[in-house]
Each structure stands twice: as C-alpha cells, then as structure tokens.
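Trainee: Sequence below, structure please.
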Amino acid sequence: QLRRSLERELDLAVEARNTERFARNFASDLDVLVPRVYWEWTSSSMNVQEHIEGIRGDDLEAIDKAGLDRKALAARGVDTMLKMILVDGFFQADPHPGNVMCLPGNRIVLIDFGMVGRLSAARRSQIIDLLAGFVHHDEETMLEVLLDWRGNDAVNEARLAADLGELALDYSDAQLKDLRIGALLHRVSAILREHSIVLPADLALLFKALITLEGFGRQYDPEFRLVDRVEPFLNRAMAERYQPVEALRRGQATVSEFLGLVASVPRDLARLVKDARHGRMRVELDLKRLDSFGVRVHSAVDRATIGIMTASLVVGSSIVMTVAGGPTLFGVSLLTYCGFAGYLVAFVNSLWIILSIWRSGRR
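Mentor: Numbers count the residues shown, from 1 in each chain. Presented below is the predicted three-dimensional model:
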C-alpha cells in the first residue's frame, strides 16, 4: 500500500511538471491552451490546475451541436502533435480524443500529460531523414537510418536494403493523399523485426503515438490524411537543414568529431595493446562498412585541412595588408594585392566547404 501511494505521489508531481513544460512550448499559440498549474496548492499528493470549460474531444455529438468545425479541429490537433514531435522533441504519448477539449473558435485544450515521450535532436533528424527517404524513394537514406537504430547487432545489409527497396516500390505509385502513416509504420516495424533490429524505446513510443494520432484525425474527418499534415513540417525541416548557419554548424561538428577521433587514438591504441597482452583482443572485419568509413574519414580530413588553410589565409592576408611600404603597382602596394588575393582564395575555399557539407547531407 505504501509503495502504491509513493508511486501515485511521484506520478502527480511528474504530470504537473510535464503540464508546465507543454504550457511553455505553446505559450505563443493562442489556439492551443494548456491548463496552468497552481504550485502554491499542488503537493506530492494533489495536482491543482486551472479549470477550463470545454467540450470533451470524444463527445462528437456535442461538438457538432456547438457548431465547431471537425476538420479544423482535426488539423489543429494533429499540427499541435507534430510540433511536439518534430520541433520540440517532447510529446504527449497518448494523443486520443479524450485527452483534448474543444473550445469556441475551434481552439483546443490539451490535458493529461502523465505519459510523454522525448526525442533528442539527433533522433528527430533521423525521423525526418526516414520520412524524406520514403517520400523520395531513396532507400539508401532509409537504410542508413535503420542501421543507426540497430546498435551493435549484426545485420545483413544487402537483404535489408532489398526489403526497403521493395517497400519503396510498393508505395511508388501510390498518391500521397492515399498513404496511411499507420500502415507504413507497421511495415517498417515488421521489417525491423524480420532483421532482429530492436526498435529503441523512444521510437516505439513515437510509432504508437503517430498511429493513435492518425486514428484521432480520422475520427473527426473521414477524409483525413496524416501525410498531408506531415509534409509541410518535413519540407520546413529539410529547408532549415541547408541554411548557411545550419551548414556551418554541421561543418563545425564534423571538424570537432574528427579532432576528437584523432585525440582518442593514443588512448584506444593503449587499450588495444593491453587487451592483446592479456589475450582479450578480438578482431571482426566488415570490408563493405570499412570502405564507407574510409570515404567519410577522407572527406572529413579534406574539409578540416581546407578549413585550417582558409583560416590561415584570412589571418595572413590581414597581416600583410597592414604592412606599409614595399613595391607598388598603379600606386597600390603589392602587399595589398597579395592580401586581396588571399581573401579571394579564402572565400572560394569557404564556398567549397559549405557546398561539400550540403552535398553530404543530401546523400
């Protein structure tokens, strides 16, 4: 009895904190409300929140009598959930109509945040890559995502690629408006099971939420298609990925990752020698993946080298242009011409690095 009581108190406290976080995430959206938590009255045994009068989301008869637009409510509810997943990375894991209330003006109130899911920025990027790969029939991109999900388990990549190719082919002639996300996720889950790939816990919760979400939209609008609401989020995310600032950030991350790899080599070699001395060394070779790794390392080295040269050119050119005297041409110091030439080469190198990063992101 004491254990159940403590678990309930903990659940109340967690739900209250979740409610407050969702309220912050939607503070600027006047069409989506989240009840305020009254912390001065909330304790480990009682969760006190703002009272909001509305129609329960599962009372469709009352919604119709109130003159609310079911299609608008479905679109708003689904867009809200997609923002949670693809933008915030913090989502309500059980988005059924009973967890929503409807207000005049087709506004919605979100309630009951006892079950939530969390997605890191890297995981959200993988979801975007997977959906983009499917939409563009790019099984190579889909394969890379699923291989990231496999962890350290061995997978027959050729067979997995063939299954993904078959999946893409099955949907290649289907119109987006006829696509059901739930059916697609069931197919992906079946492929994962067939190849003994265990779906990470956060993604299992996400798949469940998306399937429930599609059912939510259909309950309000029989013609509802979740993919129609996903596509704008997907396009926006892909466009933002190739903005110069984001490309620069990814380039910096690549250089940082490469430098970290180089810095860890002595420590890894020391461990390898110790393992060899004690007979614990084990060697497994996957030549196909090794070739891919070598290409990526080579590309990272090229970018890092050009980046260092570019920085050196900028610094050197700045120094040269401040030096007075020396021979002149048309009344301008030759050192000044050299400085401008250095800036020009640095500019071209910068464009090459950005283009290289952008092209690697599309592969």
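
Trainee: Flag every buried residue along the helix or strand where residue 75 lies.
Mentor: Residue 75 is part of helix 70-83, with elements assigned from DSSP states H and E. By 16 or more other Cβ atoms under 10 Å, the buried positions in helix 70-83 come out as 70, 72-83. Quick note: C-beta positions are derived from backbone N, CA and C, even for glycine.

Trainee: Tell me if I'm right that residue 126 and residue 142 touch.
Mentor: No. Here residue 126 lies out of contact with residue 142, judged by Cβ atoms under 8 Å, at a distance of 10.4 Å.

Trainee: of these two, who's got more company?
Mentor: Neighbour count, other Cβ atoms under 10 Å: between residue 126 and residue 142, residue 142 has more, with 25 against 19.

Trainee: Can you name the residues that contact residue 16?
Mentor: The contact partners of residue 16, by Cβ atoms under 8 Å, 6 or more residues apart in numbering, come to 37, 39, 42, 47, 49.

Trainee: What of residue 36?
Mentor: Contacts of residue 36 were listed using Cβ under 8 Å, 6+ apart, and they are 23, 49, 50.

Trainee: With distance to residue 98 added, can I get the residues you listed in TSV?
Mentor: Below are the contacts of residue 36 laid out as TSV (distance: Cβ to Cβ, whole Å):
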residue	distance to residue 98
23	20
49	16
50	19
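
Trainee: Any quick ChimeraX command for the buried ones out of those?
Mentor: Restricted to buried positions by 16+ other Cβ under 10 Å, the ChimeraX selection for the contacts of residue 36 reads:
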select :23,49
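
Trainee: Now flag whichever of the contacts of residue 36 is closest to residue 191.
Mentor: Proximity of the contacts of residue 36 to residue 191 (Cβ to Cβ) peaks at residue 23, which lies at 38.4 Å.

Trainee: And that closest one, how far from residue 206?
Mentor: 22 Å (Cβ to Cβ, to the nearest Å).

Trainee: what's the answer for residue 18, then?
Mentor: From residue 18 over to residue 206 (counting by Cβ to Cβ), the distance is 16 Å.

Trainee: again with residue 37
Mentor: Relative to residue 206, residue 37 is positioned 26 Å away (Cβ to Cβ).

Trainee: How about residue 187?
Mentor: With Cβ to Cβ as the criterion, residue 187 and residue 206 are 16 Å apart.

Trainee: between those two, who's got more neighbours?
Mentor: Of the pair residue 187 and residue 206, residue 206 is the one with more neighbours under other Cβ under 10 Å, namely 22 against 15.

Trainee: what are the ranges of the strands in the stretch 101-250 of the chain?
Mentor: In the stretch 101-250 of the chain, the strands defined using DSSP state E, counting those that start in this stretch lie at 107-110, 116-118.

Trainee: for the last one, what is the average pLDDT?
Mentor: If I follow you right, that is strand 116-118. Per-residue pLDDT over strand 116-118 has a mean of 89.

Trainee: And that strand, what does it pack against?
Mentor: strand 90-92, helix 201-220 (3 or more Cβ pairs under 8 Å, 6 or more residues apart in numbering; DSSP states H and E).

Trainee: ok, the shortest one: who's next to it in the sheet?
Mentor: Meaning strand 90-92. strand 116-118 (antiparallel) (DSSP bridges).

Trainee: if you go through the stretch 101-250 of the chain in chain order, where are the helices?
Mentor: Along the stretch 101-250 of the chain, counting by DSSP state H, counting those that start in this stretch, helices occupy 121-135, 139-149, 157-172, 181-194, 201-220, 226-241, 244-277.

Trainee: Quick one: closest of the ones you listed to residue 109.
Mentor: Residue 109 lies closest, by Cβ to Cβ, to one member of those: helix 201-220, at 14.8 Å.

Trainee: Tell me the buried residues in that closest one?
Mentor: 203, 205-214, 216-220.

Trainee: do the same with stretch 17-26
Mentor: Neighbour-count burial for stretch 17-26 flags 18, 19, 20, 22, 23, 25, 26 (criterion: 16+ other Cβ under 10 Å).

Trainee: With distance to residue 268 and pLDDT added, can I get these in CSV?
Mentor: Output for those, formatted as CSV (distance: Cβ to Cβ, whole Å; pLDDT from 0 to 100):
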residue, distance to residue 268, pLDDT
18, 41, 88
19, 46, 90
20, 44, 90
22, 43, 93
23, 46, 92
25, 41, 93
26, 46, 94
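
Trainee: Can you tell me which of the residues you listed is nearest residue 197?
Mentor: Closest to residue 197, out of all of those and judged by Cβ to Cβ, is residue 18, at 29.9 Å.

Trainee: Can you point out the buried residues in stretch 63-72?
Mentor: By neighbour count on 16+ other Cβ under 10 Å, the buried set for stretch 63-72 is 63, 68, 69, 70, 72.

Trainee: can I have it written out in PDB, keeping just the CAs?
Mentor: The C-alpha trace of stretch 63-72 is given here as PDB (Å, rounded to 0.1, in the frame of the first residue of the first chain):
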ATOM      1  CA  ILE A  63     -19.000  19.200 -30.900                       C
ATOM      2  CA  ASP A  64     -21.400  19.200 -33.800                       C
ATOM      3  CA  LYS A  65     -24.200  20.800 -31.700                       C
ATOM      4  CA  ALA A  66     -21.800  23.600 -30.700                       C
ATOM      5  CA  GLY A  67     -21.200  24.300 -34.400                       C
ATOM      6  CA  LEU A  68     -17.500  23.500 -34.300                       C
ATOM      7  CA  ASP A  69     -15.600  22.500 -37.400                       C
ATOM      8  CA  ARG A  70     -14.400  18.900 -37.100                       C
ATOM      9  CA  LYS A  71     -11.900  19.300 -40.000                       C
ATOM     10  CA  ALA A  72     -10.400  22.400 -38.500                       C
END
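
Trainee: That'll do, ta.
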